[in-house]
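In: sequence plus the predicted model coming up.
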Amino acid sequence: MIIRDILTMKGKTVIHSIGPEQAVPEAVSKMVELDVGSLVVLEGGQLAGVVTPRDVLKAAHAHGCDLAKITVGQVMSRDPIVAGPDDTFDYVRGVMTENHISHLPVMEGDKLVGVISFYDVAKACVKAVHFENALLKRYIKNWPEEEE
């Protein structure tokens, strides 16, 4: 399975974004209201970074929880690792695990086509295992009888 398949499984791709000049509390409110674990940060229509709750927690720790005057651009992960639509979910799972990334922007050339979460990758893995399991059960059920 490839990332394009995961994006298709997710359905209509809605990319939730925020600008780097916006205050961190705005990003937190947006993530809570949308029930998402990340926002892509767009600057001039281009991917500039990603902000996650982990980035917000780091900023809260560094600034004594006073985030009102801190901007998204100050806390976001800049130049994020990205995936391509034709990358395999095994490759992406490894990249996400090794780099402690929970959300990965998906780029096709210079165009942002989606964001996948570690949950999306895990869900795809479970689906693939269920499919393989069903095939194996069908194969075993139709096991050819040995001739005597």
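Out: On my side now, so go ahead. Numbering: from 1, shown residues only.

In: what about the strands in the chain?
Out: Remark: strands assigned in the chain by DSSP state E are 17-18, 39-43, 46-51, 77-78, 103-108, 111-117.

In: mean pLDDT added to those strands, as CSV?
Out: Converted to CSV, the strands of the chain look like this (pLDDT from 0 to 100):
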stretch, mean pLDDT
strand 17-18, 96
strand 39-43, 96
strand 46-51, 96
strand 77-78, 93
strand 103-108, 95
strand 111-117, 93
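
In: ramachandran angles for residue 67?
Out: phi -100, psi 0 (degrees, to the nearest 10).

In: same thing with residue 68?
Out: Torsion angles, degrees, to the nearest 10, at residue 68: phi -60, psi -30.

In: OK, contacts around it?
Out: By Cβ atoms under 8 Å, 6 or more residues apart in numbering, the residues touching residue 68 are 23, 24, 25. C-beta: built from backbone N, CA, C; applies to glycine.

In: what is the nearest of those residues to residue 127?
Out: The nearest member of these to residue 127, counting by Cβ to Cβ, is residue 24 at 35.5 Å.

In: neighbours of that closest one, how many?
Out: 24 (other Cβ atoms under 10 Å).

In: Serialize the strands of the chain to CSV and add fields for mean neighbour count and distance to residue 131.
Out: Shown next, in CSV, are the strands of the chain (neighbours: other Cβ atoms under 10 Å; distance: least, Cβ to Cβ, whole Å):
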stretch, mean neighbour count, distance to residue 131
strand 17-18, 19, 33
strand 39-43, 20, 31
strand 46-51, 20, 31
strand 77-78, 14, 34
strand 103-108, 20, 23
strand 111-117, 19, 19
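
In: show me the one of these that comes nearest residue 85.
Out: Taking those one by one with Cβ to Cβ, strand 103-108 is closest: 5.4 Å.

In: contacts for the closest one, please.
Out: 3, 7, 37-38, 40, 47, 50, 52, 80-85, 92, 95-96, 112-118.

In: ok, now how distant is residue 4 from residue 118?
Out: Applying Cβ to Cβ, to the nearest Å, the value for residue 4 to residue 118 is 18 Å.

In: next, the angle from the lengthiest helix in the chain to strand 111-117.
Out: Ranked by residue count, the top helix of the chain under DSSP state H comes out as helix 118-141. Angle of helix 118-141 versus strand 111-117, following axes from the mean of the first three to the mean of the last three Cα atoms, to 10 degrees, is 70 degrees.
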